[in-house]
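Peer 1: sequence and predicted model, in that order:
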Amino acid sequence: MQYNPKVHSIFLVGFMGCGKTTVGRLLAERLAWSFVDLDQRIADNEGRTIPEIFSDGGEPAFRIAERQALFETVSAANTVVAAGGGLFCDPENRRLIAGAGGWAVFLDVPWSVIKSRIGSRDPTRPMWDSHSAAKAVYDRRLGAYRMADAVVAVGTDWSAAEVAKKIVQLRPELACAL
C-alpha cells in the first residue's frame, strides 16, 4: 500500500482473536478519536448477529454487508476501525481504505496465542469450526494481512496497552497519544 503522510483513520486488520476490537477501543480513547467495530456495525445494519447472517446467506451475504459497512465507515476522519478478519483479503477493500486516507495496521499475533484465545470452538465465529480449519483460513489470509501499511508483531504476552503504544510509535503525528 502507499504511504500516506497524514492519517485520517486507522484500520486494524488481522485474524480473529488478534485483539483488533480491544486494541482499537483503547487506541481510539488515547487518540480521542471515534471507534467502530465493523462487525458490530454490520450486525446493527442487518438487525441480526454475524452467525445469523452466515447461517441465512453464507459468507457471500456477509461480504456484501461488510462492504456496505466499509463504505459507511471508510471516509470517517479521526476514527479507529476494527475490521473483520476477512475484510482486508479483498483487494477492492484495500483500495477503498487506501483511497480514503486510511492507514491499515496488521496485528500479527502468533497462531498459538490466537488458538488459546479462541479455544476449540466458538459459535459466535462462523469461520472457526476447528483449530485445523481455522488455521487453514489463517494461512490463506496471512499474505493479504502483510500488505497492510504497517505490521505490529505482537509479543505473546503483550497487553492491549502495549500494542496500542506500539501503533502510536509508528507514526510521529500520533505522538500526542503517548
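Peer 2: That came through fine.

Peer 1: so what does the strand or helix carrying Gln40 touch, helix or strand wise?
Peer 2: Assigned by DSSP states H and E, Gln40 belongs to helix 38-46. Judged by 3 or more CB pairs under 8 Å, 6 or more residues apart in numbering; DSSP states H and E, helix 38-46 is in contact with helix 50-73, strand 79-82. Every C-beta, even on glycine, is put in place using the N, C-alpha and C of the backbone.

Peer 1: how about it: buried residues?
Peer 2: If you call a residue buried by 16 or more other CB atoms under 10 Å, then helix 38-46 has these buried ones: 38-39, 41-43, 46.

Peer 1: what about the helix or strand of the chain with the lowest mean pLDDT, distance to the chain center?
Peer 2: Sorting the helices and strands of the chain by mean pLDDT, DSSP states H and E puts helix 111-118 at the bottom, at a mean of 83. Centroid separation for helix 111-118 versus its chain: 16 Å, with CA atoms, centre = their mean, to the nearest Å.

Peer 1: other SSEs contacting it?
Peer 2: The helices and strands touching helix 111-118, judged by 3+ CB pairs under 8 Å, 6+ apart, are helix 131-145.

Peer 1: which is the next helix or strand following the helix it packs on?
Peer 2: Next element after helix 131-145 (DSSP H and E): strand 150-153.

Peer 1: in contact with Ala161, which residues?
Peer 2: Contact partners of Ala161, counting by CB atoms under 8 Å, 6 or more residues apart in numbering, are Leu26.

Peer 1: where's it, which helix or strand?
Peer 2: With DSSP H and E as criterion, Ala161 is part of helix 160-169.

Peer 1: quick one: that helix to chain centroid distance?
Peer 2: With CA atoms, centre = their mean, you get 15 Å for helix 160-169.

Peer 1: follow-up on the earlier one: quick check: angle from the helix holding Gln40 to helix 50-73?
Peer 2: Relative orientation of helix 38-46 with respect to helix 50-73: 100 degrees, computed using axes from the mean of the first three to the mean of the last three CA atoms, to 10 degrees.

Peer 1: sweet, I'm off.
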